[in-house]
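Q: quick check, what structure comes out for this input:
(chains A and B)
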There are 2 protein chains.
Amino acid sequence: MNEFMEAAIAEARASLHEGGIPIGAVLVRNNTIIGRGHNQRVQRNDPLAHAEIECIRNAGRIKTYTGTILYTTLMPCYLCAGAIVQFGIEHIVVGESRTYRGAEDFMKNFWVSIEDWDLDECISLMKDFIQKNPHLWNEDIGRL
Amino acid sequence: MNEFMEAAIAEARASLHEGGIPIGAVLVRNNTIIGRGHNQRVQRNDPLAHAEIECIRNAGRIKTYTGTILYTTLMPCYLCAGAIVQFGIEHIVVGESRTYRGAEDFMKNFWVSIEDWDLDECISLMKDFIQKNPHLWNEDIGRL
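A: Presented below is the predicted three-dimensional model:
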(Lines give C-alpha, C1' and ligand atoms only; values in the text may rest on other atoms or scores of the structure.)
Protein backbone atom coordinates (compact mmCIF):
# COMPACT_ATOMS: atom_id res chain seq x y z
CA MET A 1 0.00 0.00 0.00
CA ASN A 2 1.12 3.56 -0.62
CA GLU A 3 -0.44 7.00 -0.61
CA PHE A 4 -1.47 6.73 -4.26
CA MET A 5 -3.40 3.48 -3.88
CA GLU A 6 -4.91 4.97 -0.72
CA ALA A 7 -6.09 7.92 -2.81
CA ALA A 8 -7.57 5.56 -5.42
CA ILE A 9 -9.40 3.64 -2.67
CA ALA A 10 -10.66 6.95 -1.23
CA GLU A 11 -12.11 7.71 -4.69
CA ALA A 12 -13.79 4.28 -4.77
CA ARG A 13 -15.30 4.91 -1.32
CA ALA A 14 -16.49 8.36 -2.41
CA SER A 15 -18.36 6.71 -5.28
CA LEU A 16 -19.93 4.18 -2.90
CA HIS A 17 -21.13 7.02 -0.64
CA GLU A 18 -22.71 8.67 -3.68
CA GLY A 19 -24.60 5.45 -4.47
CA GLY A 20 -22.22 4.57 -7.28
CA ILE A 21 -19.91 1.76 -8.29
CA PRO A 22 -16.89 1.64 -5.94
CA ILE A 23 -13.95 1.91 -8.33
CA GLY A 24 -11.38 4.70 -8.09
CA ALA A 25 -8.18 5.72 -9.85
CA VAL A 26 -5.40 8.30 -9.70
CA LEU A 27 -2.79 9.27 -12.28
CA VAL A 28 0.67 10.00 -10.90
CA ARG A 29 3.72 11.72 -12.37
CA ASN A 30 6.91 12.54 -10.47
CA ASN A 31 5.35 11.26 -7.25
CA THR A 32 2.48 13.72 -7.55
CA ILE A 33 -1.18 13.02 -8.27
CA ILE A 34 -2.09 14.86 -11.47
CA GLY A 35 -5.59 13.42 -11.89
CA ARG A 36 -8.14 11.51 -9.85
CA GLY A 37 -11.57 10.09 -10.48
CA HIS A 38 -14.16 7.46 -9.72
CA ASN A 39 -16.86 5.60 -11.58
CA GLN A 40 -19.87 7.85 -12.24
CA ARG A 41 -22.21 5.64 -14.25
CA VAL A 42 -24.93 5.92 -11.64
CA GLN A 43 -24.21 9.47 -10.49
CA ARG A 44 -24.18 11.01 -13.97
CA ASN A 45 -26.01 8.31 -15.92
CA ASP A 46 -22.90 8.08 -18.06
CA PRO A 47 -22.01 4.59 -19.30
CA LEU A 48 -18.46 5.68 -20.16
CA ALA A 49 -17.62 7.32 -16.85
CA HIS A 50 -15.41 4.51 -15.62
CA ALA A 51 -12.91 5.42 -12.89
CA GLU A 52 -9.83 5.38 -15.13
CA ILE A 53 -11.59 7.43 -17.82
CA GLU A 54 -12.66 10.05 -15.26
CA CYS A 55 -9.16 10.11 -13.78
CA ILE A 56 -7.43 10.60 -17.14
CA ARG A 57 -9.99 13.27 -18.10
CA ASN A 58 -9.45 15.12 -14.85
CA ALA A 59 -5.70 15.23 -15.51
CA GLY A 60 -6.53 17.42 -18.52
CA ARG A 61 -4.65 17.76 -21.80
CA ILE A 62 -1.18 16.79 -20.59
CA LYS A 63 -0.03 15.96 -24.14
CA THR A 64 2.25 13.06 -23.32
CA TYR A 65 1.67 10.32 -20.75
CA THR A 66 5.29 9.19 -20.66
CA GLY A 67 6.39 8.69 -17.07
CA THR A 68 2.87 8.50 -15.68
CA ILE A 69 1.62 5.66 -13.48
CA LEU A 70 -2.08 4.87 -13.22
CA TYR A 71 -3.29 3.47 -9.89
CA THR A 72 -6.71 1.85 -10.00
CA THR A 73 -8.60 -0.23 -7.47
CA LEU A 74 -9.65 -2.85 -10.08
CA MET A 75 -8.11 -4.39 -13.21
CA PRO A 76 -9.19 -2.16 -16.12
CA CYS A 77 -11.82 -3.30 -18.62
CA TYR A 78 -11.28 -2.99 -22.40
CA LEU A 79 -12.57 0.58 -22.50
CA CYS A 80 -10.06 1.75 -19.92
CA ALA A 81 -7.30 -0.55 -21.19
CA GLY A 82 -7.90 0.96 -24.64
CA ALA A 83 -7.31 4.43 -23.19
CA ILE A 84 -4.15 3.21 -21.44
CA VAL A 85 -2.74 1.69 -24.63
CA GLN A 86 -3.82 4.54 -26.92
CA PHE A 87 -2.26 7.23 -24.77
CA GLY A 88 0.85 5.24 -23.94
CA ILE A 89 0.54 4.88 -20.17
CA GLU A 90 3.30 2.34 -19.60
CA HIS A 91 2.81 1.35 -15.99
CA ILE A 92 -0.33 0.60 -14.00
CA VAL A 93 -0.85 -0.58 -10.43
CA VAL A 94 -4.13 -2.37 -9.74
CA GLY A 95 -5.73 -3.07 -6.37
CA GLU A 96 -7.04 -6.46 -7.43
CA SER A 97 -8.16 -8.64 -10.32
CA ARG A 98 -9.99 -11.41 -8.42
CA THR A 99 -13.49 -10.02 -8.85
CA TYR A 100 -12.86 -9.00 -12.49
CA ARG A 101 -10.07 -10.06 -14.83
CA GLY A 102 -10.64 -7.15 -17.18
CA ALA A 103 -8.33 -6.68 -20.15
CA GLU A 104 -5.10 -7.79 -18.48
CA ASP A 105 -3.95 -9.96 -21.39
CA PHE A 106 -4.67 -7.24 -23.94
CA MET A 107 -2.54 -4.71 -22.04
CA LYS A 108 0.28 -7.18 -21.52
CA ASN A 109 0.38 -7.82 -25.27
CA PHE A 110 1.30 -4.16 -25.60
CA TRP A 111 3.99 -2.53 -23.51
CA VAL A 112 1.96 -2.02 -20.34
CA SER A 113 3.65 -3.17 -17.16
CA ILE A 114 1.06 -4.28 -14.60
CA GLU A 115 1.50 -4.63 -10.84
CA ASP A 116 -1.40 -6.43 -9.16
CA TRP A 117 -1.32 -5.81 -5.42
CA ASP A 118 -4.20 -8.19 -4.67
CA LEU A 119 -5.47 -6.06 -1.78
CA ASP A 120 -8.12 -7.43 0.57
CA GLU A 121 -9.62 -3.95 0.95
CA CYS A 122 -10.20 -3.63 -2.81
CA ILE A 123 -11.53 -7.18 -3.11
CA SER A 124 -14.03 -6.61 -0.28
CA LEU A 125 -15.24 -3.34 -1.77
CA MET A 126 -16.10 -5.01 -5.07
CA LYS A 127 -17.35 -8.32 -3.65
CA ASP A 128 -19.83 -6.60 -1.35
CA PHE A 129 -20.98 -4.29 -4.10
CA ILE A 130 -21.45 -7.01 -6.73
CA GLN A 131 -23.35 -9.18 -4.26
CA LYS A 132 -25.75 -6.34 -3.47
CA ASN A 133 -25.97 -4.91 -7.01
CA PRO A 134 -25.31 -7.64 -9.58
CA HIS A 135 -27.46 -5.93 -12.23
CA LEU A 136 -25.62 -2.61 -11.93
CA TRP A 137 -22.24 -4.27 -12.11
CA ASN A 138 -23.20 -6.28 -15.18
CA GLU A 139 -24.46 -3.10 -16.80
CA ASP A 140 -21.14 -1.40 -16.10
CA ILE A 141 -19.11 -4.09 -17.84
CA GLY A 142 -21.59 -4.49 -20.71
CA ARG A 143 -22.83 -7.92 -19.67
CA LEU A 144 -26.58 -7.34 -19.51
CA MET B 1 -23.44 6.29 -48.51
CA ASN B 2 -26.59 6.31 -46.45
CA GLU B 3 -28.35 8.70 -44.09
CA PHE B 4 -26.44 7.41 -41.07
CA MET B 5 -22.98 7.98 -42.53
CA GLU B 6 -24.23 11.37 -43.73
CA ALA B 7 -25.20 12.15 -40.13
CA ALA B 8 -21.74 11.04 -38.92
CA ILE B 9 -20.10 13.29 -41.53
CA ALA B 10 -22.37 16.17 -40.45
CA GLU B 11 -21.06 15.65 -36.89
CA ALA B 12 -17.48 15.73 -38.19
CA ARG B 13 -18.16 18.98 -40.05
CA ALA B 14 -19.79 20.48 -36.96
CA SER B 15 -16.58 19.80 -35.04
CA LEU B 16 -14.50 21.42 -37.78
CA HIS B 17 -16.69 24.54 -37.63
CA GLU B 18 -16.12 24.67 -33.86
CA GLY B 19 -12.35 24.58 -34.41
CA GLY B 20 -12.15 20.91 -33.45
CA ILE B 21 -10.99 17.62 -34.90
CA PRO B 22 -13.33 16.53 -37.74
CA ILE B 23 -14.45 13.09 -36.65
CA GLY B 24 -18.11 12.22 -36.12
CA ALA B 25 -20.14 9.16 -35.18
CA VAL B 26 -23.73 8.00 -34.77
CA LEU B 27 -25.15 4.93 -33.04
CA VAL B 28 -28.09 3.28 -34.79
CA ARG B 29 -30.67 0.74 -33.65
CA ASN B 30 -33.68 -0.39 -35.68
CA ASN B 31 -32.82 2.11 -38.41
CA THR B 32 -33.00 5.00 -35.93
CA ILE B 33 -30.17 7.16 -34.62
CA ILE B 34 -30.06 6.75 -30.84
CA GLY B 35 -26.86 8.72 -30.21
CA ARG B 36 -24.58 11.11 -32.05
CA GLY B 37 -21.38 12.92 -31.27
CA HIS B 38 -18.15 14.41 -32.48
CA ASN B 39 -14.63 14.82 -31.20
CA GLN B 40 -14.47 17.54 -28.52
CA ARG B 41 -10.82 17.46 -27.43
CA VAL B 42 -10.31 21.08 -28.47
CA GLN B 43 -13.78 22.39 -27.65
CA ARG B 44 -13.90 20.99 -24.11
CA ASN B 45 -10.19 20.40 -23.49
CA ASP B 46 -11.11 16.77 -22.92
CA PRO B 47 -8.54 14.22 -24.13
CA LEU B 48 -11.11 11.41 -23.97
CA ALA B 49 -13.88 13.12 -25.92
CA HIS B 50 -13.35 11.13 -29.09
CA ALA B 51 -16.31 11.02 -31.51
CA GLU B 52 -17.30 7.42 -30.75
CA ILE B 53 -17.07 8.02 -26.98
CA GLU B 54 -19.26 11.12 -27.21
CA CYS B 55 -21.73 9.28 -29.42
CA ILE B 56 -22.04 6.29 -27.08
CA ARG B 57 -22.35 8.64 -24.08
CA ASN B 58 -25.08 10.63 -25.77
CA ALA B 59 -27.06 7.44 -26.36
CA GLY B 60 -27.34 7.19 -22.56
CA ARG B 61 -27.63 4.07 -20.42
CA ILE B 62 -29.22 1.75 -22.97
CA LYS B 63 -28.14 -1.34 -21.00
CA THR B 64 -27.45 -3.65 -23.92
CA TYR B 65 -25.84 -2.74 -27.25
CA THR B 66 -27.03 -5.85 -29.05
CA GLY B 67 -28.37 -4.91 -32.45
CA THR B 68 -26.70 -1.51 -32.55
CA ILE B 69 -24.50 -0.34 -35.43
CA LEU B 70 -21.88 2.36 -34.92
CA TYR B 71 -21.16 4.61 -37.89
CA THR B 72 -17.95 6.62 -37.62
CA THR B 73 -16.08 8.74 -40.15
CA LEU B 74 -12.69 7.22 -39.21
CA MET B 75 -11.41 3.81 -38.09
CA PRO B 76 -11.60 3.81 -34.26
CA CYS B 77 -8.47 4.09 -32.11
CA TYR B 78 -7.82 1.72 -29.18
CA LEU B 79 -9.81 3.87 -26.74
CA CYS B 80 -12.92 3.75 -28.92
CA ALA B 81 -12.32 0.17 -30.03
CA GLY B 82 -12.06 -0.73 -26.34
CA ALA B 83 -15.50 0.78 -25.75
CA ILE B 84 -16.91 -1.10 -28.76
CA VAL B 85 -15.53 -4.44 -27.54
CA GLN B 86 -16.40 -3.88 -23.87
CA PHE B 87 -20.01 -2.97 -24.57
CA GLY B 88 -20.50 -5.59 -27.26
CA ILE B 89 -21.21 -3.42 -30.30
CA GLU B 90 -20.99 -6.10 -32.98
CA HIS B 91 -21.07 -4.09 -36.19
CA ILE B 92 -19.35 -0.87 -37.18
CA VAL B 93 -19.27 1.08 -40.44
CA VAL B 94 -16.27 3.36 -40.92
CA GLY B 95 -15.86 6.17 -43.42
CA GLU B 96 -12.21 5.43 -44.05
CA SER B 97 -9.01 3.98 -42.63
CA ARG B 98 -6.46 5.44 -45.05
CA THR B 99 -5.41 8.37 -42.87
CA TYR B 100 -5.39 6.26 -39.67
CA ARG B 101 -5.42 2.49 -39.29
CA GLY B 102 -6.62 2.64 -35.70
CA ALA B 103 -7.36 -0.58 -33.85
CA GLU B 104 -8.85 -2.51 -36.76
CA ASP B 105 -6.92 -5.72 -36.04
CA PHE B 106 -7.82 -5.63 -32.35
CA MET B 107 -11.54 -5.36 -33.10
CA LYS B 108 -11.40 -8.09 -35.73
CA ASN B 109 -9.79 -10.41 -33.19
CA PHE B 110 -13.01 -10.06 -31.22
CA TRP B 111 -16.42 -10.42 -32.80
CA VAL B 112 -16.66 -6.97 -34.37
CA SER B 113 -17.73 -6.94 -38.00
CA ILE B 114 -16.22 -3.93 -39.79
CA GLU B 115 -17.36 -2.34 -43.04
CA ASP B 116 -14.87 0.18 -44.43
CA TRP B 117 -16.57 2.37 -47.03
CA ASP B 118 -13.34 4.18 -48.02
CA LEU B 119 -15.17 7.44 -48.72
CA ASP B 120 -13.35 10.28 -50.47
CA GLU B 121 -15.27 12.83 -48.40
CA CYS B 122 -14.03 11.35 -45.11
CA ILE B 123 -10.47 10.96 -46.40
CA SER B 124 -10.38 14.63 -47.53
CA LEU B 125 -11.74 15.87 -44.21
CA MET B 126 -8.94 14.15 -42.27
CA LYS B 127 -6.14 14.75 -44.80
CA ASP B 128 -6.78 18.49 -44.89
CA PHE B 129 -7.06 18.67 -41.12
CA ILE B 130 -3.90 16.67 -40.41
CA GLN B 131 -1.91 18.72 -42.94
CA LYS B 132 -2.98 21.97 -41.26
CA ASN B 133 -2.87 20.68 -37.63
CA PRO B 134 -0.35 17.85 -37.34
CA HIS B 135 0.37 18.63 -33.68
CA LEU B 136 -3.29 18.54 -32.67
CA TRP B 137 -3.86 15.28 -34.48
CA ASN B 138 -0.84 13.64 -32.89
CA GLU B 139 -2.05 14.82 -29.50
CA ASP B 140 -5.45 13.25 -30.16
CA ILE B 141 -3.99 9.83 -30.90
CA GLY B 142 -1.38 10.02 -28.11
CA ARG B 143 1.62 10.36 -30.39
CA LEU B 144 3.23 13.54 -29.06
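Q: show me the contacts for the residue nearest to residue A:29 when sequence neighbours are not counted.
A: Leaving aside its chain neighbours, residue A:29 sits nearest to residue A:68 (4.9 Å; criterion: C-beta to C-beta, 6 or more residues apart in numbering or on different chains). Where C-beta positions appear, they are placed from N, C-alpha and C, glycine not excepted. Residue A:68 makes contact with A:27, A:28, A:29, A:34, A:62, A:89, A:90, A:91, according to C-beta atoms under 8 Å, 6 or more residues apart in numbering or on different chains.
Q: who in chain A is up against chain B?
A: A:41, A:45-48, A:53, A:56-57, A:59-65, A:77-83, A:85-88, A:103, A:106, A:139, A:141-142, A:144 (C-beta under 8 Å from any C-beta of the partner chain).
Q: out of those, list just those in helices.
A: A:41, A:53, A:56-57, A:78-83, A:85-87, A:106, A:139 (DSSP state H).
Q: are any of the residues of chain A next to chain B buried, and which?
A: The neighbour-count test (16 or more other C-beta atoms under 10 Å in any protein chain shown) marks A:41, A:46-48, A:53, A:56-57, A:59, A:62, A:65, A:77-83, A:85-88, A:103, A:106, A:139, A:141-142, A:144 as buried among the residues of chain A next to chain B.
Q: please name the nearest non-neighbouring residue to the residue most central in space within chain A.
A: In chain A, the centroid-proximal residue (C-alpha atoms, centre = their mean) is residue A:72; its distance is 3.8 Å. Excluding the flanking residues, the one nearest residue A:72 by C-beta to C-beta, 6+ apart is residue A:25, at 4.0 Å.
Q: contacting residues around the helix or strand hosting that neighbour?
A: For residue A:25, the host element (DSSP states H and E) is strand A:24-29. Strand A:24-29 has contacts (C-beta under 8 Å, 6+ apart) with A:4, A:7-15, A:33-39, A:51-52, A:54-56, A:59, A:62, A:67-73, A:89.
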